[in-house]
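**Q** Coordinates only, no sequence provided:
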């Protein structure tokens, strides 16, 4: 007999196929309205991704739910308190995507500073024949501020060090590292040329990057976000970019995915990516393996490989 699993998110085929092979999989929504009472009673596990919103209402509809498995490192869309109140475990897939996300943060930083997307269009549209492409912004040796010096933030710092960048950071508390610490994001922004967001979402970081921070970063500053879209006030960001109060931005995450704020779409000084920082074959395979390992461990009564902290 196969255990019943509710899948509420788009997952890579490599994972979906293995789920269907090993479990009885029901495809559902984040509301669960399509489930009848009999189906809801049989669901023992729920599989989501890092962008999913699994709220108390859905959890309450599933009386036999025992574990929520998140394909992704972020779990701010999961009502963890509601799950824990029911004794429901929550897992995620940390570590295996750190390198790819850090690589992509540097990619966005270089691509934004050197205006790579604009240069590509410049060549394709035949404008090179009319004169050279405008000068761009140097990265090596510049000042980099990192918001969130966790696994990914530290990996970004290691890569930036190879560019001889001067690194500083902001977080909840100072860490045992050699980089200068700023207790205020605004003060950090005022002291750097590039500000990279690598922090998770949730109430504590909602719109942490607001108009004041963007103004502190200034008209020669560049913002990069590979953390969570909710951390950046997109309305304030679009205004700062449009008015020239910020030089540029590179974004892989957005407040309302897959719909970036409309004010960003027509701007030439922002590089937009479709939440693809961890989307390499190697990493998605490792994330899939870890998702399945958490499921298998739960149903075998074993310790979960990667429960969420706390």
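**A** Received it, and whenever you're ready, just let me know what you need. It should be emphasised that the depicted structure is a prediction, and the values quoted were computed from it without experimental measurement.

**Q** Can you show me the strands along the stretch 201-310 of the chain?
**A** Under the criterion DSSP state E, counting those that start in this stretch, the stretch 201-310 of the chain carries strands at the ranges 222-225, 248-251, 270-272.

**Q** ok, and which of those strands has the densest surroundings?
**A** strand 222-225 (a mean of 28; mean count of other CB atoms under 10 Å). All C-beta spots, glycine's among them, are computed from the backbone N, C-alpha and C.

**Q** Direction included, what does that strand pair against?
**A** Note on strand 222-225: by DSSP bridges, its sheet partners are strand 194-197 (parallel), strand 248-251 (parallel).

**Q** okay, those in TSV with distance to residue 217 and mean pLDDT next?
**A** Shown next, in TSV, are those (distance: least, CB to CB, whole Å; pLDDT from 0 to 100):
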stretch	distance to residue 217	mean pLDDT
strand 194-197	5	99
strand 248-251	10	98
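
**Q** Of all these, which one comes closest to residue 115?
**A** Ranking the strands paired with strand 222-225 by distance to residue 115, with CB to CB as the measure, places strand 248-251 first at 7.8 Å.

**Q** nearest spatial neighbour of residue 163, skipping sequence neighbours?
**A** Leaving aside its sequence neighbours, residue 163 sits nearest to residue 140 (CB to CB, 6 or more residues apart in numbering; 4.7 Å).

**Q** Report how many residues lie close to the one you found.
**A** Close neighbours of residue 140, defined as other CB atoms under 10 Å, add up to 10.

**Q** residue contacts, it?
**A** Contacts for residue 140 (CB atoms under 8 Å, 6 or more residues apart in numbering) come out as 163, 164, 165.

**Q** continuing past the helix or strand of the chain with the lowest mean pLDDT, what's the next helix or strand?
**A** Scoring the helices and strands of the chain by mean pLDDT, DSSP states H and E places helix 37-42 at the bottom, with a mean of 92. Elements were assigned by DSSP states H and E; along the chain past helix 37-42, the next helix or strand is strand 43-49.

**Q** other SSEs contacting the following helix or strand past that following strand?
**A** Next in sequence after strand 43-49, counting helices and strands by DSSP H and E, comes helix 56-61. With contacts defined as 3 or more CB pairs under 8 Å, 6 or more residues apart in numbering; DSSP states H and E, helix 56-61 has these neighbours: helix 80-85.

**Q** thought residue 69 was touching residue 49?
**A** No. With contacts defined as CB atoms under 8 Å, residue 69 does not count as touching residue 49, sitting 9.8 Å away.

**Q** Out of the strands paired with strand 222-225, which gets nearest to residue 125?
**A** strand 248-251 (20.3 Å).

**Q** quick revisit: what's the closest of the strands paired with strand 222-225 to residue 11?
**A** Checking the strands paired with strand 222-225 against residue 11 by CB to CB gives strand 248-251 as the closest, at 23.4 Å.
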